[in-house]
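# predicted model and sequence below, questions to follow.
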Amino acid sequence: MTRTANPGKLQRRLNKEDILEKTAPLFAEGGYAATSMRDLAKACGITPAALYHHFEDKDQLYLEALEYIFRRRIGRMSDALKGLTTFEGKVRRVVEVLVDAIHGDELFLTLLRRELLVRDEKRLEYLATRVFAEPFREIMRVGRDLPPGNYRPSFLATSALALTIGHYTLEPVRRYLMPSDTPQDLRQTIIDHVTDLALHGMRKDPR
């Protein structure tokens, strides 16, 4: 005979991180508005009341889920850059971190696309200040290694993010446009390509 899970026992075993891990895919699939607290509680195997024990409301749960997913992928840019001394090495490492945040993790890209499309100012500000600020600053510091007269560090950071996200966003279409030009190792190809574009595009012609 199959036993029904006891919500009380499951609640004691689940911590906030467990809940964020289980609920983020539902938000990515259905979006914020279409996902209810009942749906989220069911995914965790607990009651809605137990979910409210950990989070004040759906808004708080969603924001923390976004932060959890994004921060674990790109939140430690400074650690990744430690020990690197050359400008070229730092640029490549930045691109590697950005690519690895997306490659093989559809959840990251889906949630980010949803937020950029919905354009909820409160959530965008939350993501900017709580998630993207630290890696953005680190990418800007790399850009400051350029000689005076080159591009603005903030625009370089934006371009690095846009190039990487853009490649993965358009890859499903690109495969149909050029099916014979699909690399065996997409991750490494994008890293090499974006790094090359960054290194050559960051330096202005001195003439």
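It's in.
# pretty sure Leu161 sits against Ala101.
No: applying C-beta atoms under 8 Å as the test, Leu161 and Ala101 come out as separate, 9.8 Å apart. For the C-beta atoms, the positions are set from N, CA and C on the backbone; glycine is no exception.
# which one's more surrounded, the two?
Between Leu161 and Ala101, counting by other C-beta atoms under 10 Å, Ala101 is the more crowded of the two (24 against 19).
# now the more buried one: phi and psi?
Note on Ala101: backbone dihedrals following degrees, to the nearest 10 are phi -70, psi -30.
# what kind of secondary structure is Thr129 in?
In terms of secondary structure, Thr129 is helix; the call rests on DSSP: H, G, I helix; E, B strand; the rest coil.
# cool, the one 3 residues further on as well?
Phe132 carries the three-state label helix when classified by three-state DSSP.
# okay, now it: neighbour count?
Other residues near Phe132 come to 19 when the count uses other C-beta under 10 Å.
# wait, it touches Phe70, no?
Yes: taking contact to mean C-beta under 8 Å, the distance of 7.4 Å between Phe132 and Phe70 places them in contact.
# what strand or helix carries the most centrally placed residue in the chain?
In the chain, the centroid-proximal residue (C-alpha atoms, centre = their mean) is Phe70; its distance is 4.0 Å. If you go by DSSP states H and E, Phe70 is part of helix 58-74.
# please consider this matter closed, and thank you.
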